[in-house]
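Trainee: Give me the fold of what follows.
(chains A and B)
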Amino acid sequence: MSDARIEGYARALFEIARAEGSLDEVEDELFRFARSFESNDALRSALTDEMVPADRRQGIVETLLGDRASATTTQLVAMVVGSGRGRDLPEIIDRLVARASAAKELAVAEVRVAVALSDDQVNRLRAALANATGREVNLKVVIDPSVIGGVIATVGDKVIDGSVRTRVEQLKSLL
Amino acid sequence: MSIMQVIVASGEIDPAQSQNWLLPATSEIIYGGLASIIIFSLLYKFAGPALKKGLSDRTARIQAELDGAANAISTAQADAANIRQAAGDIDAERARLLAEADAQAAAILSDGRERLTVEIAELEARAESDAAGLSGRLNDELRVEVARLSSSVVDEVVGRSIDDATHQALIEDFISKVGAGS
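Mentor: From the prediction side, this is the model:
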C-alpha cells in the first residue's frame, strides 16, 4: 500500500477513536493487537488471505477481540481487515500510535519484556526513559517471550537493549 | 703363269740364256723397274690423294670416335660423380633429417615432460586447495551445525534457568541503568 494510503487509514482511525473519546484505550489495544498480528503467522495468514471472504475475516477479528477489547477497537480492526488492508495493519496502527503520541507531545516508547511489568515498574521505566531521551514517552509494553529476560526499549531510532536474548546471541556468535 | 713364263712365251728372252736362275735379265729389270715406277707414280698421283683422304678421313673418324668415347667417358665420369655426389647428398640429407627428427623428438619429449610436470604440479596444488577448501567448508558446516544445535539448546537452557526473581532483577537493573544514564 502506498504511504499516503497508510497515513490516510491511520488518520481515519485516529479521528474515529478521538471522536469516540476512547483514544488512549483504543490506541493501546490496537498496539497490542498489532504486535500479536506480527508474531502470529496463523493469524496473519487468516486476516490477509484474499481468498477468504471479507465477512469471514471480519468474523475472525470479532471472535478474537470481542471480549478482549473495546467495541471501537474491534470495529476499527474489522474495518481495515474487511477492506483488504490487513497486511498493512501493523504499520497503520503504528502511525496511529505515533499520531496519538504526537498529539499529546509524547514520544512512543516500545518496551519488550519476557514477563509482565507491574504498574510500579511501568511508571519507573517511563520516568527512566524520559530521563534518558529527554522527552516524555508514551510507553507501550509488549510481552515477547523471545526476549528471554530483561528489557528492550525502542524510542524513535534509539534502542536500549538490556535483554538476555541479545547476550545469548552475542554468545552464539562466538561459537 | 709367272712373268718369266710370259716372257719366255713371248719369245723375246730365252730362259736358258739367263745369267741367273733367280734374277731376270737386266733389261727386264729395267723395264720392269720403269714400269713399276710409272705405275707407282700414277698410283701416287691419282690414287694417292684419294688414299690419303681416305686414310685421313678414317683417322679423323677414328679420332672422332676416340673423342666421342673420351667425351662419353668424361660424361659418364661426370654422371658417376654426380650420382656419387647425389648419393652423398642423399646420405647427408638422410642423416640431417634423422638428426632433425631426433632433435624434434627430444624437444617434444622434453616439452611433454615439462608440461606433465607443470600439470602434475597444478593438479597437486588444486587437489590441495580443494582438500583445504573442503576441510574448511566441513569445518564451517560443522561450526554452523554446532552453533545451530547449541543455539536452540542455549535458548532453552537459559530460558529455563531464569526464574521470576531473576526476571525481576533484570528488569530492575535495566530501569536503574537507564535512569542513571540520563
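
Trainee: In contact with the residue nearest to the spatial centre of chain A, which residues are there?
Mentor: Centroid check for chain A by CA atoms, centre = their mean gives A:Phe31 as the closest residue, at 2.6 Å. Each residue near A:Phe31 by CB atoms under 8 Å, 6 or more residues apart in numbering or on different chains is listed here: A:93-94, A:97, A:140. Glycine gets a C-beta too; all of them are placed from N, C-alpha and C.

Trainee: burial count for B:Thr165?
Mentor: One correction, residue B:165 is Ala, not Thr. B:Ala165 has 8 neighbours, counted by other CB atoms under 10 Å in any protein chain shown.

Trainee: how distant is the helix or strand hosting A:Tyr9 from the center of its chain?
Mentor: Using DSSP states H and E, A:Tyr9 sits within helix A:3-20. Relative to its parent chain, helix A:3-20 has a centroid offset of 15 Å by CA atoms, centre = their mean, to the nearest Å.

Trainee: contacting residues for B:Ile38?
Mentor: Per CB under 8 Å, 6+ apart, neighbours of B:Ile38: none.

Trainee: Remind me which helix or strand it belongs to.
Mentor: Assessed by DSSP H and E, B:Ile38 sits inside helix B:26-42.

Trainee: And the next helix or strand past that helix?
Mentor: Per DSSP H and E, the first helix or strand lying C-terminal to helix B:26-42 is helix B:48-161.

Trainee: Around residue 155, how many other residues sit close by?
Mentor: Since you didn't name a chain, this refers to chain A. So A:Val155, with other CB under 10 Å, has 20 neighbours.

Trainee: Oops, wrong one, chain B.
Mentor: 17.

Trainee: now B:Arg113
Mentor: 10.

Trainee: any idea how far it is from A:Gly8?
Mentor: Counting by CB to CB, to the nearest Å, the gap from B:Arg113 to A:Gly8 is 81 Å.

Trainee: and the helix or strand of chain A with the lowest mean pLDDT, how far from the chain's centre?
Mentor: Here the helix or strand of chain A ranked lowest by mean pLDDT, DSSP states H and E is helix A:164-174, holding a mean of 83. With CA atoms, centre = their mean as the basis, helix A:164-174 stands 26 Å off its chain's centre.

Trainee: same question, stretch A:78-95
Mentor: 12 Å.

Trainee: Straight-line length of that stretch, end to end?
Mentor: 18 Å (CA to CA, to the nearest Å).

Trainee: buried sites along that stretch?
Mentor: Of all the residues in stretch A:78-95, those buried under the rule 16 or more other CB atoms under 10 Å in any protein chain shown are A:78-82, A:85-95.

Trainee: hmm, who's touching it?
Mentor: Stretch A:78-95 has contacts (CB under 8 Å, 6+ apart) with A:1, A:6-7, A:9-11, A:13, A:30-31, A:33-35, A:37-38, A:44, A:47-48, A:50, A:54-55, A:57-58, A:60-62, A:77.

Trainee: What about B:Val158, how many residues nearby?
Mentor: B:Val158: 16 neighbours (other CB under 10 Å).

Trainee: And it, how close does it get to B:Leu149?
Mentor: From B:Val158 to B:Leu149 the distance is 15 Å (CB to CB).

Trainee: Please apply the same query to A:Thr48.
Mentor: For A:Thr48, the distance to B:Leu149 - CB to CB - is 34 Å.

Trainee: Among those two, which residue is more densely surrounded?
Mentor: Shown here are A:Thr48 and B:Leu149; by other CB under 10 Å, A:Thr48 has more neighbours (17 against 11).

Trainee: That one: what's it in contact with?
Mentor: So A:Thr48 contacts A:86-87 (CB under 8 Å, 6+ apart).

Trainee: In terms of pLDDT, where does it sit?
Mentor: Looking at A:Thr48, its pLDDT is 89.

Trainee: repeat for the one 4 residues further on
Mentor: Model confidence at A:Val52, given as pLDDT, is 86.

Trainee: quick one, strands of chain A?
Mentor: Assigned by DSSP state E, the strands in chain A fall at A:107-113, A:137-143, A:150-155, A:158-163.

Trainee: now those strands as TSV including mean pLDDT and distance to chain B?
Mentor: Formatted as TSV, these follow (pLDDT from 0 to 100; distance: least, CB to the nearest CB, whole Å):
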stretch	mean pLDDT	distance to chain B
strand A:107-113	92	7
strand A:137-143	90	11
strand A:150-155	93	4
strand A:158-163	92	4
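
Trainee: for chain A, what are the low-confidence residue spans?
Mentor: A:1, A:175 (pLDDT under 70).

Trainee: how does it divide up, domain by domain?
Mentor: Following automatic domain parsing, one gets these domains for chain A: A:3-100, A:106-174.

Trainee: if we compare these, which one ends up closest to B:Arg84?
Mentor: domain A:106-174 (93.7 Å; CB to CB).

Trainee: gap between B:Ala72 and chain A?
Mentor: 109 Å (CB to the nearest CB, to the nearest Å).
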